[in-house]
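Colleague: Please work out how this folds:
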Amino acid sequence: MRQRVGSKSDAGFEFLHAPNENLGYFGIQTRYPERALYQLAKQGIHANEATIVRNKTQAITSVALNRDIAGFNIRLVKSEI
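Modeller: Just a heads-up that it's a prediction; the model follows:
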């Protein structure tokens, strides 16, 4: 995978880390965030309701999950395809 500067990625996986700050996340791109949340909820992984971002049609575009990996938040991000 080629490295890309910034907070966007075309590869289906995002990584954001701000040096010297307690901020960072792993973003997993999906075409259907609502469906992904449904499947994850069956395994005990839920959305953090306060972090849901919606577009004009009220579809979810980004949401943080209730789990983290080594201090990094995990987010589902709607892919643009």
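Colleague: Okay, now the unreliable bits of the protein?
Modeller: 1-23, 81 (pLDDT under 70).
Colleague: in it, which spans are strands?
Modeller: 13-17, 24-30, 53-54, 60-69, 72-78 (DSSP state E).
Colleague: between these, which one is nearest to residue 46?
Modeller: Evaluated over the strands of the chain, closeness to residue 46 peaks at strand 60-69, with 4.9 Å, by CB to CB. Heads up, the C-betas are built off the backbone N, CA and C, glycines and all.
Colleague: quick one: buried residues of that closest one?
Modeller: Residues 60, 62, 63, 64, 65 are the ones in strand 60-69 that count as buried (16 or more other CB atoms under 10 Å).
Colleague: now stretch 45-56
Modeller: Neighbour-count burial for stretch 45-56 [16+ other CB under 10 Å]: residue 47.
Colleague: start to end distance for that stretch?
Modeller: For stretch 45-56, the first-to-last residue distance is 26 Å (CA to CA, to the nearest Å).
Colleague: Give me the distance from that stretch to the chain's centre.
Modeller: 10 Å (CA atoms, centre = their mean, to the nearest Å).
Colleague: what's in contact with it?
Modeller: Stretch 45-56 is contacted from outside by 37, 40, 60, 61, 62, 63, 64, 65, 66, 67, 75, 76, using CB atoms under 8 Å, 6 or more residues apart in numbering.
Colleague: Could you report the separation of the closest residue to the third one other than its chain neighbours from residue 70?
Modeller: Distances taken as CB to CB, 6 or more residues apart in numbering put residue 33 closest to residue 60, at 4.3 Å, once the chain neighbours are dropped. Note on residue 33: its distance to residue 70, by CB to CB, to the nearest Å, is 23 Å.
Colleague: So the two - more neighbours on which side?
Modeller: Shown here are residue 33 and residue 70; by other CB atoms under 10 Å, residue 33 has more neighbours (24 against 6).
Colleague: what residues are up against that one?
Modeller: Residue 33 neighbours (CB under 8 Å, 6+ apart): 59, 60, 61, 62, 63, 76, 77, 78.
Colleague: try 10 Å this time
Modeller: 47, 52-54, 59-63, 75-79 (CB atoms under 10 Å, 6 or more residues apart in numbering).
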